[in-house]
Structures are given as structure tokens and as C-alpha cells.
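J.: sequence unavailable; structure follows:
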């Protein structure tokens, strides 16, 4: 029984599918209607063009007192800020290295000055 149903489906189903495709009631094949439009160049006769450059009404130059990489930016572009407000943080590494180098130079100059002052007190330095 199952073989008979399978055989009937294989035979009848393609016939039903093919009979419904592409034919109208009169039995002729008709192509589907498609609208076709050609693209034309747009020419505006009343168009005027002027060369120019757009610039901001007010520019703000921002700089740090020391140089180094920026760790974090605390404001967004276009956000209003007040004078003295923190807008970014710098990575402390370069600042700490520069501070250590400056401190070492200061200690060296201070030690040299103390040595010269001590020699001057002993009258061991030529005038």
C-alpha cells in the first residue's frame, strides 16, 4: 500500500506542479511584466557653485605643561568645559622619570655647592 501511494505521488505531483507554471487560462506562456526606466543625467540650469572653506567659529588650542602619553580623556568632543577644569590625565611614568632626573641633578648641584662653600670657609679656594 505504501509503495502504491509513493508511486502515485511521484507521478501526479510533477504533473500538477508543471501544469500550474507559466500558463494562463488560454494556454499561452506570457513573460512577467517588468517596468524598465533609463537613467538620465540631471542637469540643473539654475545651480550656482562657489568655492570655499568651512572653518569653526572658534578654535581652542589645548596643551599640557609637560609632554607624555595621555592616560585618560575625561571629556567628549563638543562638550563645554570651564577654565581650569581637568580634561585629560597623563600617564605618570614619563613625568616620574623626568622628576627623578631633575631631583638627582638638584642633589648633585646642591652637594657641589656645599663642598665649594666648605672649601671657601677654610680659605682653600682661590678668589
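T.: Perfect, thanks for sending it. These numbers were taken from a predicted model, which means no experiment stands behind them.
J.: please count neighbours and contacts with C-alpha atoms only from this point.
T.: Fine.
J.: pLDDT below threshold where in this protein?
T.: Of all residues in the chain, those with pLDDT under 70 make up the ranges 1-28, 44, 64, 125-127.
J.: residues in contact with the residue nearest the centre of it?
T.: In the chain, the C-alpha nearest the mean C-alpha coordinate belongs to residue 77, at 12.4 Å (C-alpha atoms, centre = their mean). With contact set as C-alpha atoms under 8 Å, 6 or more residues apart in numbering, residue 77 has no partners.
J.: shouldn't residue 101 be within a helix?
T.: Yes - counting by DSSP: H, G, I helix; E, B strand; the rest coil, one finds residue 101 located in a helix.
J.: ok, now which ones touch it?
T.: Per C-alpha under 8 Å, 6+ apart, neighbours of residue 101: none.
J.: where's it relative to residue 94, distance?
T.: As judged by C-alpha to C-alpha, to the nearest Å, residue 101 and residue 94 stand 11 Å apart.
J.: related to what we said a few turns ago, from residue 95, how far off is the residue nearest to the centre of the chain?
T.: Distance from residue 77 to residue 95, by C-alpha to C-alpha: 26 Å.
J.: and residue 110, by the same measure?
T.: 22 Å.
J.: cool, residue 40 as well?
T.: Distance from residue 40 to residue 95, by C-alpha to C-alpha: 64 Å.
J.: just the strands in this protein please.
T.: Taking DSSP state E as the test, the strands found in the chain are 70-73, 88-90.
J.: what's the neighbour count on residue 120?
T.: By the measure other C-alpha atoms under 10 Å, the count of residues near residue 120 is 13.
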